Each structure stands twice: as structure tokens, then as C-alpha cells.
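A.B. asks: can't give you the sequence, but here's the structure:
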């Protein structure tokens, strides 16, 4: 099976702009989670989508949003970018807790966002 | 609340010597625990998982971890380090919220392997 793919791999944006990141999960996985990784804060949970519904959300401002499509692909959007949004954004997919035991998450390579 | 503490931010070993990366967890219920590895400029790869079956868990690339409830620990070990093991390692506990789960990450341990 193909792994989790994320596009683009690298992005450079200016403060105040908005950005959209894309994630394609492993075939058959219905849950997609997003994480932000920074040197200062480490890995932090952003949100999780399952069957097009956001089921869980971390402690991030409303500028961070996401959605999931019927084919389980997911996008996350960050509006009004700030310098502190510079990070590696990781997407992870899984079958979801509903499936029983197979809830380990598989990560994509990430999108490196730099805000200048 | 669920949390994990990785006791060492940096560990350096010589190639061929044992590796020990320490992790303590805090959980209000029987936890699921994972170790992930991240090589430079790469995503996270699942090394192994504990889900209340055997307390000694074997993973990929010769790594294993032992769940010790009395010590609330889940240390990662490998008998003999290889140069390719140099990476950052994350201990992770799951946080259940209704029908969803999220991963709570430790701060990471950077493993250096000297030739």
C-alpha cells in the first residue's frame, strides 16, 4: 500500500497570507489527524477528522481549520499567517478507533511551512 | 490527563553498544503506548506499540520496549546500536476522547551513534 502523502513538501509564505496543506491517507483509512511540530513546543495535536467530520480538536486558534472529503483526503488551512506558524505540519492516518484495535497512526513526511 | 516524560533529551552511544531510551508515563486508565522514530527531514515511523497484551513488545529494526506498570515506565532498548539508528525518538501515549483518540508526544530523545 502507498503511504500517507502530503503536498506540498515545502512552502514559504508571508505574514498575513493564508495557506492550504493537503494530505492523502493510506487507502482504507478513514481517520486523518494533523499535528504541528516546532522546536519550542514539540509535537502538538491540531485536529482529527473521520468520515468528513471533525471529531477532536487541539488548543489552537480559530485561524487553523481543516476539512475532509468523501475520499478521506484532508486539507488544513491556516489564515492570517504569523511568524510563529512556521513549523513542520504532519498528517497521520488510521482506520480510526471505531475499527477496534487498528488505531495506530501512520505519518506522512510533513509539509515544512516557513512564514517570513 | 495523559502525559509522557522522556528523561533524556540527548543520548550518545557507540556503534555496537546497547541503547536505552527512557520514558515514564502518566495515565488515568490503562494506556496504549507507542515509540516513534523520526529521521532528519522525515515523517514519523512507528517502531512498536503496547496495547495491554504482552508487556515486552518487539518492534522493527531490533528495538523492543517493556511496559512496567509499577514503575509507570516504557523504556526503549536495543542490544546493539547501528549508525542508521541515529534519529529522534518519541514516546507517545494515547488520549481517548469519546470515539476519537489523539496522540500525546514526549519531548523527544535525540540519539547519536558514534563510530
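C.D. replies: The structure has been received and is ready for your questions. From a predicted model like this one, the values you see are computed outputs, not experimental measurements. Residues are numbered from 1 along each chain as shown, chains lettered A, B, ... in the order given.
A.B. asks: by contact count, what packs against the longest strand along chain B?
C.D. replies: Counting residues, the longest strand found in chain B (DSSP state E) is strand B:87-97. Strand B:87-97 is packed against strand B:3-6, strand B:23-26, strand B:33-38, strand B:73-78, strand B:100-105, strand B:109-114, with contacts defined by 3 or more Cβ pairs under 8 Å, 6 or more residues apart in numbering or on different chains; DSSP states H and E. To be clear about C-beta, it is placed using only N, CA and C from the backbone, and glycine gets the same treatment.
A.B. asks: So what angle separates the directions of it and strand B:33-38?
C.D. replies: Compare the direction of strand B:87-97 with that of strand B:33-38 by axes from the mean of the first three to the mean of the last three Cα atoms, to 10 degrees and you get 140 degrees.
A.B. asks: so how far is strand B:87-97 off the chain centroid?
C.D. replies: Offset of strand B:87-97 from its chain centre (Cα atoms, centre = their mean, to the nearest Å): 8 Å.
A.B. asks: Could you list the buried residues of that strand?
C.D. replies: If you call a residue buried by 16 or more other Cβ atoms under 10 Å in any protein chain shown, then strand B:87-97 has these buried ones: B:87, B:88, B:89, B:90, B:91, B:92, B:93, B:94, B:95, B:96.
A.B. asks: and the angle from that strand to strand B:109-114?
C.D. replies: For strand B:87-97 and strand B:109-114, the angle between their directions (the same axes, to 10 degrees) works out to 160 degrees.
A.B. asks: Now tell me which helix or strand of the chain has the poorest mean pLDDT.
C.D. replies: Because you didn't say which chain, this covers chain A. Per-element confidence for chain A was summarised using mean pLDDT, DSSP states H and E. The lowest value among helices and strands belongs to strand A:53-57, with a mean of 90.
A.B. asks: looking at chain B here, not the other one
C.D. replies: For chain B, counting by mean pLDDT, DSSP H and E, strand B:100-105 ranks last in confidence among helices and strands (a mean of 82).
A.B. asks: Tell me the strands beside it, with direction?
C.D. replies: Each strand that pairs with strand B:100-105, with its direction, by DSSP bridges: strand B:87-97 (antiparallel).
A.B. asks: Flag the shaky bits of the chain, pLDDT-wise.
C.D. replies: Chain wasn't specified; assuming chain A. Residues of chain A that meet the criterion pLDDT under 70 lie in A:1, A:97-103.
A.B. asks: you looked at the wrong chain, it should be chain B
C.D. replies: Low-confidence regions of chain B, defined by pLDDT under 70, span residues B:97-99.
A.B. asks: Centre-most residue in it?
C.D. replies: For chain B, the residue whose C-alpha lies nearest the mean C-alpha position (Cα atoms, centre = their mean) is residue B:35; its distance is 3.2 Å.
A.B. asks: In this structure it contacts residue B:45, no?
C.D. replies: No: between residue B:35 and residue B:45 there is no contact, the gap being 9.9 Å when judged by Cβ atoms under 8 Å.
A.B. asks: Just give the number of residues close to residue A:70.
C.D. replies: 7 (other Cβ atoms under 10 Å in any protein chain shown).
A.B. asks: for it, what are its contacts?
C.D. replies: residue A:52 (Cβ atoms under 8 Å, 6 or more residues apart in numbering or on different chains).
A.B. asks: give me that answer again for 10 Å
C.D. replies: By Cβ atoms under 10 Å, 6 or more residues apart in numbering or on different chains, the contact list for residue A:70 reads A:51, A:52.
A.B. asks: how far away is residue A:8 from residue A:108?
C.D. replies: In this structure, residue A:8 and residue A:108 are separated by 12 Å, where distance is defined by Cβ to Cβ, to the nearest Å.
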